[in-house]
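Participant: Here you go, sequence then predicted model.
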There are 2 protein chains.
Amino acid sequence: MVTLKDVSREVGVSITQVSRALAGYPDVKEETRQRIVEASERLGYRPNALARGLKTGRSGIVAMVVPGDWAVEESTVLLEIVTGLSTEISGRGMRFVLHVAAPGEDVREAHDELIRGGGIDGFVVIQPARGGALIKGLAKSGIPFVVHGNPGSGAHPHVDIDNAAVGADLLSRLLDLGHRRVLFLNGPKGALFAEARDEGVAWALAGAGLGADTVRTEHGPMTETQGREATRSALRRPDRPTAIMAGNVMLARGVYDAAAAMGLRIPQDLSVLAHDDGLRGYEPEGFVPVLGGTRSPLAAAWVALADALKARIEHGEASIENRILPHKFNAGGSTSEIQG
Amino acid sequence: MVTLKDVSREVGVSITQVSRALAGYPDVKEETRQRIVEASERLGYRPNALARGLKTGRSGIVAMVVPGDWAVEESTVLLEIVTGLSTEISGRGMRFVLHVAAPGEDVREAHDELIRGGGIDGFVVIQPARGGALIKGLAKSGIPFVVHGNPGSGAHPHVDIDNAAVGADLLSRLLDLGHRRVLFLNGPKGALFAEARDEGVAWALAGAGLGADTVRTEHGPMTETQGREATRSALRRPDRPTAIMAGNVMLARGVYDAAAAMGLRIPQDLSVLAHDDGLRGYEPEGFVPVLGGTRSPLAAAWVALADALKARIEHGEASIENRILPHKFNAGGSTSEIQG
DNA sequence: GTTTAAGTCCAAATCGTTTCGGGTCGCATG
DNA sequence: CATGCGACCCGAAACGATTTGGACTTAAAC
């Protein structure tokens, strides 16, 4: 390994000067700095992460703990999370430790172990639960962390989209088109983002002066299968919906499939909107007709999370606070006005 | 943070003695050791990973680099890899750094950067390419690593299954049942494991004294869609196959779907066998009829890889060498003897 | 000519751990 | 009484980086 000492010997200056030159301190003669930079590049010097971490108290390593019992239907999103975060964190010169808990291993315990062992600068927390015991624990330990999703209680640093607004937006568009029997395929019951979307749907209904029976909400896993099955059974009912709003594009895929299987045309016979997280392999443009709806790529969340965590680590509490990411609406070609 | 100094002050012995007591050296009086252990537990002492790493040259961190441009169809397996490895590595007291390259970032370069920065004890390499430039580079740098899959050239530590045997096994069973028109849905063209399976198929044919036209091989992504499409078009041909062997269970899922859609019964009208990697959400027992074939859970590979890497790090070259994991055959209910 | 300031530079301390090379004490051995 | 040995113990030197608190030189200011 090439160390500061090697470079300093090569250039003929002290270790101090090499360190300061590379760190950009002003008290190094420009010509000396150049020689140092040249030599350190030539030798392939990289500061030793361990040594630096030991001295500065920062290792440049952030960690994320994933529960070991993730379900198949979460895999698409989980992979998106893991790869997205890893890329963004690496891109900022930090390292990303992924700790997938063993089956039965407690997630809080895993965080604790990582903290105690030292060398972890901060955490990314995903899928916060309502109670937030994990988050409270982290906050108490004083280690920097950012949360993806809104943990509700407490003012902890997090990034999220405005899920209530997404729910309201999707429904409003459909109501504006005249739809009065809408099926909402939402996420699972306990999930906070799903509840926020329910809330948004309620707002939109209230805003339009319509009754709660205008939309029927189905909670469940966000998969193609679920979309297909829920659509199929809904379309069989006498009061079948004229429009479906799907919580994500995977659900929408199932909706399209079911509609096709039953010989219904989109948008003539059925309007569809969905929220698009920008999942790889599920591009709305790949749908025929193009799927419309709200869009807020998860990728933006990884960027925001990485930025926020880095700021938090480097500048402490003082750094930027929560970020609510924007979403856009694309009409697509999957909706039509209802005929009176 | 609780340090050795804190414990030593608490107990009233030197830092040296605390360190040695905890590390299990014999020259610490038993009674002293007990007091030390008790105190360090009471205070919650954990050795600082950075400091230890700096001193010993080992950080307890292993890394894996994943190319940034993974395709959707690889996501199931990729997530399996990432979570499986993370769990096994964590379970052995090491930490797992996941570096997902940015789009356009070179994988070899990423390895180099990680090595130069120090603090990485070893690597897990997946999906080796034939040329093996990456592996050669790692070998030259002297850092411990293990490879998942057989890189072919060179004797580098790896764990894999006997893919040729898998190919031969699957085909032999079908031949034994009398099938003479077999469709083989294999992995993508360039993949080494797929080529090994092709080889195994060739062996089996040669062994049975049959011509190459007995089996038609289709190379492609290992997805449900691919299985469905390939099956559909194959079954439409005049010389349609009486049996299909699928490279994995996802392909088999597509085969089942296509067969059902075309009104063909398994196993009466079509025999199916597949290799089962033990992918979450794709259990052969979930098929009707139960899918038969070879089985070798990927989970076993993560265990073997983690063990091998740990041994390699701790004991160097001297440690155990390559492991070829076994596979079993389960008949299932998806095959039948061919009539006439 | 003496102070002062700016511009460069460096020795040494520090982070927390491991480990080498001694110490000290008591007791048996010659 | 010296010696040797075993059982315990500890100081100090690393590991590689950052950072503090100067030192030295030169030139400007008084």
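Facilitator: Good, I have the coordinates.
Participant: so A:L78 touches A:P67, yeah?
Facilitator: No. At 10.0 Å, A:L78 does not count as touching A:P67 under the criterion of Cβ atoms under 8 Å. (Glycine included, C-beta is placed from N, CA and C.)
Participant: Pick out whichever of these two has more residues nearby.
Facilitator: Between A:L78 and A:P67, counted using other Cβ atoms under 10 Å in any protein chain shown, the more crowded position is A:L78 (22 against 16).
Participant: Could you check how far the more buried one is from DNA strand C?
Facilitator: Here A:L78 is placed at a distance of 34 Å from DNA strand C (Cβ to the nearest atom of the strand, to the nearest Å).
Participant: Could you do A:M250 as well?
Facilitator: 47 Å.
Participant: Report whether that residue is found in a helix, as I expect.
Facilitator: Yes. A:M250 forms part of a helix when assessed by DSSP: H, G, I helix; E, B strand; the rest coil.
Participant: Could you check how far it is from B:P157?
Facilitator: With distances taken as Cβ to Cβ, to the nearest Å, A:M250 is found 39 Å from B:P157.
Participant: neighbour-wise, which of these two wins?
Facilitator: In terms of neighbours (other Cβ under 10 Å), A:M250 is the more surrounded of A:M250 and B:P157; the figures are 24 against 21.
Participant: Toward the C-terminus, what is the element adjacent to the strand or helix carrying A:V124?
Facilitator: For A:V124, the element it lies in under DSSP states H and E is strand A:122-126. Sequence-wise, the next helix or strand downstream of strand A:122-126 (DSSP H and E) is helix A:133-141.
Participant: Could you see whether chain B lies near that following helix?
Facilitator: No. Under the criterion of Cβ under 8 Å from any Cβ of the partner chain, chain B is not reached by helix A:133-141; the shortest gap measures 10.9 Å.
Participant: okay, now A:V65: neighbour count?
Facilitator: 26.
Participant: What residues does it make contact with?
Facilitator: A:99-101, A:107, A:110-111, A:114, A:123 (Cβ atoms under 8 Å, 6 or more residues apart in numbering or on different chains).
Participant: what comes up buried for stretch A:278-287?
Facilitator: Neighbour-count burial for stretch A:278-287 flags A:278-280, A:282, A:284, A:287 (criterion: 16 or more other Cβ atoms under 10 Å in any protein chain shown).
Participant: Briefly note if it comes near chain B.
Facilitator: Yes. Using Cβ under 8 Å from any Cβ, stretch A:278-287 reaches chain B at A:280-281.
Participant: sorry, back to before: show me the two of the buried residues of stretch A:278-287 that sit farthest apart.
Facilitator: The most widely separated members of those, counting by Cβ to Cβ, are A:R280 and A:F287 (15.2 Å).
Participant: if we can go back for a sec, filter the contacts of A:V65 down to the buried ones, PyMOL style.
Facilitator: Applying 16+ other Cβ under 10 Å to the contacts of A:V65, the buried members can be selected in PyMOL as follows:
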select buried, chain A and resi 99+100+101+107+110+111+114+123
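Participant: need the contacts of A:V65 in TSV with secondary structure and pLDDT, can you?
Facilitator: As requested, the contacts of A:V65 are exported to TSV (DSSP: H, G, I helix; E, B strand; the rest coil; pLDDT from 0 to 100):
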residue	secondary structure	pLDDT
A:H99	strand	96
A:V100	strand	96
A:A101	coil	94
A:V107	helix	92
A:A110	helix	93
A:H111	helix	94
A:L114	helix	91
A:F123	strand	96
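Participant: Chain B: which of the contacts of A:V65 is nearest?
Facilitator: Using Cβ to the nearest Cβ, A:V100 comes nearest to chain B of the contacts of A:V65, at 3.9 Å.
Participant: Tell me who's in contact with that closest one.
Facilitator: A:65-66, A:68, B:82-84, B:86-87, B:90.
Participant: again, but for A:A196
Facilitator: Contact analysis of A:A196 by Cβ under 8 Å, 6+ apart lists A:150, A:163-164, A:167.
Participant: And the residue of the stretch 201-340 of chain A that's closest to DNA strand C?
Facilitator: A:I313 (17.4 Å; Cβ to the nearest atom of the strand).
Participant: Are we agreed that that residue is in a strand?
Facilitator: No. Counting by three-state DSSP, A:I313 is not part of a strand but helix.
Participant: thinking it is in contact with A:P144, fair?
Facilitator: Yes. Using Cβ under 8 Å, A:I313 is in contact with A:P144, at 4.9 Å.
Participant: Kindly reformat the contacts of A:A196 as CSV containing secondary structure.
Facilitator: Below are the contacts of A:A196 laid out as CSV (three-state DSSP):
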residue, secondary structure
A:N150, coil
A:N163, helix
A:A164, helix
A:G167, helix
